[in-house]
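J.: Sharing a sequence plus its predicted fold:
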Amino acid sequence: MGKDLEINEEIEKYIQELSKTLHPVQSEIISYNKTLGDIMRMQISVSQCVLLEFITKVSKAKKILEIGTFTGLSTLSMSLGMSEEGLIITVDKNKETNIKAKNFFKKAKQNKKIQTIVKPALETLEELKSKNSIFDIAFIDADKDNYKNYYENIVSMVRVGGLIIVDNVLWHGEVADSNNNKKFTKIIREFNNYVKNDNRTEQIIIPLGDGLMICRKL
């Protein structure tokens, strides 16, 4: 049986160097986030940027829902993979980071494809459900306490064959340590088990960044 490679910093750097080059504004967002201190951890990794763009291109997604905008790196990554007719609705409750994200979208000339909503995500999900909104892809990267709530709302809003992508599902590797029962480790571990046992989707966890779960709706 083949064994998965352990990805250290040297291998990660090698992968990045030989993967698709980031858009200049993606690189600018990463540089900006480095000035924000500890909250930079909310940013997706470079390899995740490339993967999200690829998934969007390959799936030919025309409508995407994102929970958790931050400064716009993941949003922009997916937008770059969409046609000009595509639309991303991205939700975040932070007004300040939303303004910064919108400036980056405009600079990358992607703003016409992106609609930002500033309010609690669960409220927005209820509004979108009431309009019978259906999406090709949904990306969840927000407060971990509500991962299960976001997932439950979104399952009905993604088309059959569509994707639900969830970030931070390996939680620094802590979820695999059965002796680690810290609050957020337990929340993520329980969420992962919940999705695994959900017969509405099939899923795989990819060890990129802090762990990316990709679910396909059946």
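T.: Everything's here; your move. Residues are numbered from 1 along each chain as shown.

J.: Determine which residue lies closest to the centroid of the chain.
T.: Nearest to the mean C-alpha position of the chain, counting by Cα atoms, centre = their mean, stands residue 139 at 4.1 Å.

J.: per-residue confidence at that one?
T.: Reported pLDDT at residue 139 in the predicted model: 98.

J.: packing partners for the longest strand seen in the chain?
T.: Longest strand in the chain, counting residues (DSSP state E): strand 158-167. Strand 158-167 sits against helix 46-59, strand 135-140, helix 147-155, strand 212-217, with contacts defined as 3 or more Cβ pairs under 8 Å, 6 or more residues apart in numbering; DSSP states H and E. (C-beta placed from N, C-alpha, C; glycine too.)

J.: Pull the distance from the next helix or strand after it to the chain's centre.
T.: Next in sequence after strand 158-167, counting helices and strands by DSSP states H and E, comes helix 183-196. Put simply, helix 183-196 sits 17 Å off its chain's centre (Cα atoms, centre = their mean, to the nearest Å).

J.: do the same with stretch 70-79
T.: That offset, for stretch 70-79, works out to 9 Å (Cα atoms, centre = their mean).

J.: Now do the helix-or-strand element of the chain with minimal mean pLDDT: everything it contacts.
T.: Every helix and strand in the chain was compared by mean pLDDT, DSSP states H and E; the lowest is helix 9-18, with a mean of 90. Helix 9-18 has contacts (Cβ atoms under 8 Å, 6 or more residues apart in numbering) with 5, 7, 46, 47.

J.: can you pick the most crowded of those residues?
T.: Within the contacts of helix 9-18, residue 46 tops the neighbour count with 21 neighbours, counted by other Cβ atoms under 10 Å.
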